[in-house]
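Chemist: quick one: sequence and predicted model below, then my questions.
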Amino acid sequence: MPTTLRLGDVEITRVIEFSDISPMTTDVFFPGSKPEEWQRHAALLDPDHWDARTGLTRVATQSWVLRSEGRVIVIDTGAGNGKYRPLQPIWSYLDTNYLDNLAAAGVRPEDVDLVVNTHLHDDHVGWNTRLDGRDWVPTFPNATYLMPRPDVTYWHPDHLHRTRFGRGNQNVYEDSVQPVIDAGLVTTWHDSYVIDANLRLEPAPGHTPGSSVVHLESGGDRAVFAGDLLHGAIQIHEPHLNSCFEEDEDGARASRARMYAYAADHNALVLPAHLPGHGAFEIRREGSGFALSRWAPFSRS
Ligand SMILES: [Zn+2]
């Protein structure tokens with residue numbers, strides 16, 4: 001199965017940073033989720049998204065690399081290597097072969113024209129920078145980095161004490177955001193932002209105040225790069241469930257419901273940041289909720 005898909009005039013390649021069993025059990029990752037909800041969807045979830053024997057969830061971190069109108073665009077940059085995350089041990093001091101995976105997709109760091117951070121959590125901005133001696137420097141020196149302005153404000157170190165998961169995002173601004181601002185590579189946006197004739201950014205607040213999605217519309221094909229509007233496949237059939245990482249619970253549910261309705265009604269492919277297995281899916285309405293139509297034809301991770 002391919003790692004690349006063409007929708008209209010846009011080529012989409014999945015670049016995985018890692019995909020593994022998470023240390024989080026179902027009730028920790030998705031608070032309030034009931035064992036019967038997992039059992040009901042076991043055929044959908046086990047083994048790619050949940051290990052029914054241990055009760056542990058699976059999680060991936062991946063970038064979506066797009067080629068559109070002659071430009072190379074990276075949506076979300078994973079957790080990065082060598083970063084210290086005091087309260088997020090699974091993201092701390094990683095040493096993954098992400099840049100090799102990017103190279104296997106035919107992309108050298110200097111080839112990237114645009115980086116989109118759907119929001120400014122640690123696991124979406126990590127490869128914004130890499131360590132050069134003692135300094136964090138932009139990994140993609142020729143890129144413009146698009147960042148949602150509400151998150152640039154919200155996650156500034158001066159404001160972390162006001163945020164729900166402030167300490168969880170400790171060090172992130174300093175090592176993965178400020179260095180690209182200092183290099184003059186950041187463009188902030190709000191309301192919405194047109195990337196090109198095929199792609200536009202839209203706000204989808206809740207998970208964080210600046211959380212956003214990238215809409216693709218090209219040649220009759222549609223897709224939504226959904227960032228963290230969902231974290232696991234259980235949320236396809238149980239969209240009321242939030243992960244344990246939402247800054248605004250109600251806002252996260254509302255943005256997810258809006259995105260699902262759009263995807264179901266427009267036959268749009270949904271490509272989130274953390275889904276293991278095939279990584280993306282199509283959705284349909286079922287009763288008052290939603291159900292999986294099909295997985296994307298990407299190789300299983
Ligand atoms: Zn995330």
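Modeler: Thanks, I have it.

Chemist: near the ion, which residues of the chain?
Modeler: 123, 228 (CB under 5 Å from the ion). For the C-beta atoms, the positions are set from N, CA and C on the backbone; glycine is no exception.

Chemist: how about residue 32, nearest residue that isn't a chain neighbour?
Modeler: Counting by CB to CB, 6 or more residues apart in numbering, residue 32 lies nearest to residue 241, which is 6.8 Å off, once chain neighbours are set aside.

Chemist: for the one you found, the count of nearby residues, please.
Modeler: Using other CB atoms under 10 Å, residue 241 has 21 neighbouring residues.

Chemist: what about it, distance to the ion?
Modeler: Note on residue 241: its distance to the ion, by CB to the ion, to the nearest Å, is 16 Å.

Chemist: next, the contact list for that residue, please.
Modeler: 30, 32, 33, 37, 234, 235 (CB atoms under 8 Å, 6 or more residues apart in numbering).

Chemist: also residue 60?
Modeler: 16, 17, 18, 19, 20, 274, 275, 276, 279, 301.

Chemist: quick check: it is in a helix.
Modeler: No - if the criterion is DSSP: H, G, I helix; E, B strand; the rest coil, then residue 60 is strand and not within a helix.

Chemist: identify the residue spatially nearest to it, adjacent ones excluded.
Modeler: residue 19 (3.7 Å).

Chemist: residue 12: what's it in contact with?
Modeler: When contacts are taken as CB under 8 Å, 6+ apart, residue 12 is in contact with 4, 5, 6, 64, 65, 66, 223, 271.

Chemist: would TSV of those residues with secondary structure be doable?
Modeler: Listed next are those as TSV, based on three-state DSSP:
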residue	secondary structure
4	strand
5	strand
6	strand
64	strand
65	strand
66	strand
223	strand
271	strand
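
Chemist: where's whatever residue of the stretch 51-200 of the chain ends up closest to the ion, which helix or strand?
Modeler: Going by CB to the ion, the ion is nearest to residue 123 of the stretch 51-200 of the chain, at 4.3 Å. Counting by DSSP states H and E, the element that carries residue 123 is helix 122-125.

Chemist: other residues contacting that helix?
Modeler: Outside helix 122-125, the residues that reach it (CB under 8 Å, 6+ apart) are 61, 76-80, 83, 85, 88, 91, 117-118, 168-169, 172, 176-177, 227-228, 273-274.

Chemist: tell me the helix or strand right after that helix.
Modeler: Using DSSP H and E, the first helix or strand after helix 122-125 is strand 129-132.

Chemist: ok, and what's touching that next one?
Modeler: So strand 129-132 is contacted by 80, 81, 82, 136, 137, 138, 139, 175, 176, 179, 180 (CB under 8 Å, 6+ apart).

Chemist: nearest to residue 102, of these?
Modeler: Ranked by distance to residue 102 (CB to CB), those are led by residue 139 at 9.4 Å.

Chemist: next up, phi/psi of that closest one, please.
Modeler: Dihedral pair for residue 139: phi -70, psi -30, per degrees, to the nearest 10.

Chemist: what about it, neighbour count?
Modeler: 27.

Chemist: quick check: chain neighbours aside, which residue is closest to it?
Modeler: According to CB to CB, 6+ apart, the nearest residue to residue 139 is residue 130 (4.6 Å).

Chemist: in the stretch 201-301 of the chain, what residue comes closest to the ion?
Modeler: For the stretch 201-301 of the chain, CB to the ion, closest residue to the ion: residue 228, 4.4 Å.

Chemist: you'd agree that residue is up against residue 256?
Modeler: No - using CB atoms under 8 Å, residue 228 is not in contact with residue 256; the gap is 9.8 Å.

Chemist: give me the nearest residue to residue 246, chain neighbours excluded.
Modeler: Nearest to residue 246 is residue 252, by CB to CB, 6+ apart, at 4.1 Å.

Chemist: now, which of the contacts of helix 122-125 lie within strands?
Modeler: 61, 227 (DSSP state E).

Chemist: in PyMOL, select just the buried ones from the contacts of helix 122-125.
Modeler: Entered in PyMOL, the line below selects the buried ones among the contacts of helix 122-125, by 16 or more other CB atoms under 10 Å:
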select buried, resi 61+76+77+78+79+80+83+85+88+91+117+118+168+169+172+176+177+227+228+273+274
